[in-house]
Structures are given as C-alpha cells and as structure tokens.
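Novice: Kindly return the folded structure for what I paste below:
(one chain, ligands or ions: 1)
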Amino acid sequence: MTSTFTVIDPTTARPIREIARADEAQTDAAIARAVVAQRSWASLPPVARADALRAFARVVEAHAEELAQLEVRNSGHPIGSARWEASHVAQVLNFYAGAPERLSGQQIPVAGGMDVTFHEPYGVVGIIVPWNFPMTIASWGFAPALAAGNAVVLKPAELTPLTAIRLGELALEAGLADGLFTVITGSGSVVGQRFVSHPDVRKVVFTGSTSVGMDVAAGCARELKPVTLELGGKSANLVFADADLEKAAAAAPGAVFDNAGQDCCARSRILVERSAYDRFLELLEPAVRAWRVGDPADEGTDMGPLISASHRSTVAGFLDGTNVAFRGSAPASDDPMLGDGFWFPPTVVLAEPHDRIAREEVFGPVVAVLPFDDEADAIRLANDTAYGLAGSIWTENLGRAVRVSRGVKSGVLSVNSHSSVRYWTPFGGMKASGLGRELGPDAAEHFTETKNVFFATE
Ligand code: TAP
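Specialist: Just a heads-up that it's a prediction; the model follows:
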C-alpha cells in the first residue's frame, strides 16, 4: 500500500489533501523516464525547445489565479504575494525560453585546425525545494535546467507540494513530453537523498537549511556531482544616520515580515547608527503596528500565518530571555475563523551582537535591532555572522553606499531599497548561505558542462 502524508492549511490548521509519498523504487522509475525524455529533448532544435518553454509559460499564466489560490491555501501566503509568485513562474519560463538559442560556445584560435566549445546539458537534474516559496524557487531551477537541454525531477517540501504538483500537470498540458519534468512527492530523506545518490542524476539544486544543504553537498561530493546550494541567512539592514530615516523605517517591516519572515533574504537584523537609533525606533513602531496580519485570502493582508505548529514553537523559542521592544498584532486564538491558524505577531527585539537572536536564523517574523558606531563598525557587525545571503544599506552618501556594499560579504545587496529577486539578475549567497548562483543571464549555462572539440585541418 502506498504511504501518504496530509497537507495542512496553515490558516485554519485543517487538512487539505492526502498526497502519495514516493519510495525509492518510484523515484528510480521517474529518473529512468527522465533519462529517456532528456535524450529526445536535447536533440530538438533550439527553437523547438524555446517554443515549448514559451508554451509552458502561457499555460502557467492562464492558470496563475488557480496557482495563487492554491498557494494561499497550502502556504498561507497573502493573495497579493501569491499572484505575484504565480506570474513570476511564467516570467522565469519566458526569460529562459530565450536561452536555448543563446547558449553559444566559443571558437578558440589554434594551430593546425579549429577549436570550438559546446555547452552540453548534464542530463537529468534533481531539484529539492523548501516550503517557504514553493513555486518560485522551483521555477528558478526547472526553467533554466530545461532550457539548457536537461530533464528535471523535482521534489517539493512535504509541507507545501500543491503548486509544484500542479506545475507538473501544466507542463504536460503545455505539451512537454512525459518524463521531461516530473514532480515527485515524498520525504527529503528518501526522494531527496535518492537524487543525491542516483548515478543518473547528474546535478542537484538544493534550497533549504544550511545543515541539510551541507549533507546534500557531502553526498554529491562522494558522487562527484555538481551541486547548487541556496541556504539560510541572517541578513543585515544597515541604517546610517544620514539616511532618509522615514523611508528606511517605513520599508523595514516589509523587509523582514514579508512571508511571515520565512524568507531566506529576510533582513532580520536592523543595524542602526547610534546617533539615529532612538529616532529610528520611534519611526519603526507605528510601521510595525500597521503591518496587517490575518486571513491571507483577504486582499488587504500583509502577512499570513507561519507554516506549521512546530515551526511556530521554534520561532517562539527564540524569544526566551530577549528584550522585546514592541510587537504588532495577529488574530487571537478565540477568533472563530482564524483562531486555529499558526499565527505569530511581528516582533521587534533589542539585542546585543552575541545574543542568539542576533546570530541565528529565526525564519519567522522577529527582528533584532542593534546599534553601531561608525561605518567600519557597521561593516564589521554586518559580517559578524556565518551567513552571507542578502542585505540593505540606507544612506544618502553615495561613496559610503559603494564602500559598504563592497565591504559586506553577501551575495545580494540593495541600497535604499530591499529588493533581492529579479529573475534577470543573479541571486545566491556567500559563506554558509550557499554555493553557486541562480537566476540572471548565466543560469542556463550553469546547467551545462563545457565540451571542447579540436578539428584538425592538416
Ligand atoms: P530543509 O529542512 O533543509 O528542507 C528543504 C528541502 O530539503 C525539503 O524539500 C526537504 O524535504 C528536503 N530534505 C530534508 N532532508 C533532506 C535530506 N536528508 N536529503 C535531501 N533532501 C532533504 O529546510 P526547510 O525547513 O524546508 O526550509 C527552511 C530553511 O531553508 C531555512 O533555513 C531557509 O533559510 C532556507 N531557505 C533558503 C532559501 C534560499 S533561496 N537561500 C530559500 C528558502 C529557504 P521534506 O519535505 O522531507 O522536508
């Protein structure tokens, strides 16, 4: 009998659906189908692969509202965010639909002949996705991997498989061959590990926690298999006294409480220049209190629930012994509609650099605020973490913005804004935040290996 798991709506704590849990043999069978589908896919003319990906994008766009509603239900994402995410998947597919015709190799001058390089697809790529942004993160892997001529097997997180399952169905509806893009539901320790150990999966893309990512990387090393890792973060939001403080304070809640803080790029440390510290907190408090936490299906909601009861306990545990400055609101437990959801109010904590709350990733709506003395101290504190994913710098001094953005060891920084993700610019982390880059103009090439061929002419 096939084992199953129950998908829960985090807004109501009620079950949504039972999903089959694939075992190793079923995973192997999907990989075997992918091997066959990849050969035909890679032999198509580039324009045919481009057209197929555009067709997939059109079908996703036509089902964007359905995908968004599914994400609201399965992940508790506010409907406005979920709509953005569904459209983003279509945009990522459209962007990488341009890649098959642009994956040019080189012609290198040599004596006695001609030397050219080819970007060969790996074959089958295994993609392991976390629960926080189920469809967007999936698309960052599958769109460029397919564009480069690979087949994809994709494992969504058990907590949030519904949009990935639907994307797999939409791929077939769009005309992609059976086996070319297969979504396999099941546990990380079985399906995910099989991607790592199976000899026919030639590259792995993993997004998730740093601890599991290190295990995945170690397993891939044993197989000499390339791996891309997108892991955790403890990103700094640096606010200098010369910044537009009103603007910086108004933007700060969105930078950390978006998706209930379950965002690897969350600016979960706000570092404020000491001379502006009190004023900044005064401005931050009303912005945090105005952050609307509630039913994600409601158009006016900024933030929904956390993903699970156990994750809520983990997040709450981070507050033990901390100095809470102020909190926003969340639906009360006696709310008849929403009381059983995994609610957690946005929380602002005053911290010292050595505090756990200032060092570890909470992955919830909690932000630590710390003062700094000068530019050098700001860079030192920003870098005083194992992570290096994202960060923001608020200053009206251009020279300082350049110096600090070069000094902070993070993969994705933004000045006077909190943007992190544009599909046409590179994304990824330094240090314990990851290995390799996703998105941007070069992502399809990262799903290929270079072949060099010399043709003798004499
Ligand atoms: P993980 O527990 O690491 O899970 C991520 C994915 O890996 C899930 O699909 C999980 O499957 C699977 N997995 C678990 N154990 C595995 C194993 N031994 N081998 C192979 N796959 C395995 O993380 P999470 O709780 O889902 O996500 C939260 C963490 O991810 C946070 O630390 C966050 O910062 C990080 N994250 C980073 C990014 C980027 S872009 N850098 C984006 C999102 C999240 P199951 O279904 O069994 O859990």
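
Novice: When you work out contacts or count neighbours from here on, use the C-alpha atoms and nothing else.
Specialist: Fine.

Novice: pretty sure G254 is in a helix, no?
Specialist: Yes. Per DSSP: H, G, I helix; E, B strand; the rest coil, G254 lies within a helix segment.

Novice: And for it, the neighbour number?
Specialist: Counted by other CA atoms under 10 Å, the residues lying close to G254 total 20.

Novice: May I have the predicted confidence score for it?
Specialist: Note on G254: pLDDT of 97.

Novice: List the residues that contact it.
Specialist: By CA atoms under 8 Å, 6 or more residues apart in numbering, the contact set of G254 is empty.

Novice: Distance of it relative to A290?
Specialist: Distance of G254 to A290, given as CA to CA, to the nearest Å: 11 Å.

Novice: And for A351?
Specialist: 23 Å.

Novice: repeat for S417
Specialist: Distance from S417 to A290, by CA to CA: 19 Å.

Novice: between these two, who's got more neighbours?
Specialist: Set S417 next to A290 and count neighbours by other CA under 10 Å: S417 wins out with 17 against 14.

Novice: all helices of the chain, in order?
Specialist: Counting by DSSP state H, residue ranges of the helices within the chain are 24-43, 46-62, 64-75, 79-96, 134-147, 162-173, 193-197, 210-222, 245-257, 277-289, 309-317, 356-359, 375-382, 398-407.

Novice: which of those helices is buried the deepest?
Specialist: Comparing the helices of the chain by mean neighbour count (mean count of other CA atoms under 10 Å), helix 134-147 ranks first with a mean of 26.

Novice: Show residues contacting that helix.
Specialist: Counting by CA under 8 Å, 6+ apart, 49-50, 53, 85-86, 88-89, 92-93, 96-97, 99-100, 125, 127-130, 151-152, 154, 156-157, 160-161, 163-164, 181, 205, 207, 423, 438-439, 443-444, 447 sit against helix 134-147.

Novice: For the ligand, see how far away G364 is.
Specialist: 10 Å (CA to the nearest ligand atom, to the nearest Å).

Novice: ugh, typo on my part, it should be Q38
Specialist: For Q38 relative to the ligand (CA to the nearest ligand atom), the value is 23 Å.

Novice: Which of the residues in stretch 179-190 are classified as buried?
Specialist: Using 16 or more other CA atoms under 10 Å as the test for burial, stretch 179-190 gives G179, L180, F181, T182, V183, I184, T185, G186, S187, G188.

Novice: for the stretch 101-250 of the chain, what are the low-confidence residue spans?
Specialist: For the stretch 101-250 of the chain, no stretch is flagged by pLDDT under 70.

Novice: can you list the residues of it near the ligand?
Specialist: 128-132, 156-158, 187-189, 192-193, 207-209, 212, 216, 230-233 (CA under 6 Å from any ligand atom).

Novice: Apply the buried test to these and list what passes.
Specialist: 128-132, 156-158, 187-188, 192-193, 207-209, 216, 230-233.

Novice: what's the burial count for P109?
Specialist: Using other CA under 10 Å as the criterion, P109 is surrounded by 10 other residues.

Novice: beta partners of the residue lying closest to it once chain neighbours are set aside?
Specialist: Leaving aside its chain neighbours, P109 sits nearest to D115 (6.7 Å; criterion: CA to CA, 6 or more residues apart in numbering). Beta-bridge partners of D115, counted by DSSP bridges, are I108, F454.

Novice: one step back: next step: the buried ones among the residues of the stretch 101-250 of the chain next to the ligand restricted to strands.
Specialist: The strands, defined by DSSP state E, take in I128, T207, E230 from those.

Novice: which residue sits closest to D374, ignoring its sequence neighbours?
Specialist: D374 sits nearest to E273 (CA to CA, 6+ apart), 6.7 Å away.

Novice: How much space separates the one you found from F240?
Specialist: With CA to CA as the criterion, E273 and F240 are 5 Å apart.

Novice: Give me the local confidence score for M1.
Specialist: pLDDT at M1 comes out at 59.

Novice: Number of residues surrounding the residue nearest to P109?
Specialist: Per other CA under 10 Å, the neighbour tally for D115 reads 16.

Novice: quick revisit: neighbour count for E273 and F240, which is higher?
Specialist: Using other CA under 10 Å, the more surrounded residue of E273 and F240 is F240, with 28 against 23.

Novice: How about the contacts made by the more buried one?
Specialist: By CA under 8 Å, 6+ apart, the residues touching F240 are V272, E273, A276, I393, W394, T395.

Novice: now the fourth one, which residues is it bridged with?
Specialist: Assessed by DSSP bridges, I393 has beta-bridge partners L238, V415.

Novice: Surely it touches V412?
Specialist: No. In this structure I393 lies outside contact range of V412 using CA atoms under 8 Å: 11.4 Å.

Novice: Surely T163 touches L67?
Specialist: Yes. Using CA under 8 Å, T163 is in contact with L67, at 6.0 Å.

Novice: Now do the buried residues in stretch 314-332.
Specialist: In stretch 314-332, counting by 16+ other CA under 10 Å, buried: V315, F318, L319, T322, V324, F326, R327, G328, S329, A330, P331.

Novice: excluding its backbone neighbours, what's nearest the third one?
Specialist: Right, the one you point to is L319. Nearest residue to L319 in three dimensions, chain neighbours excluded: I357, at 7.5 Å (CA to CA, 6+ apart).

Novice: where's the one you found relative to the ligand, distance?
Specialist: Distance from I357 to the ligand, by CA to the nearest ligand atom: 14 Å.

Novice: How about T457?
Specialist: Applying CA to the nearest ligand atom to T457 and the ligand gives a distance of 48 Å.
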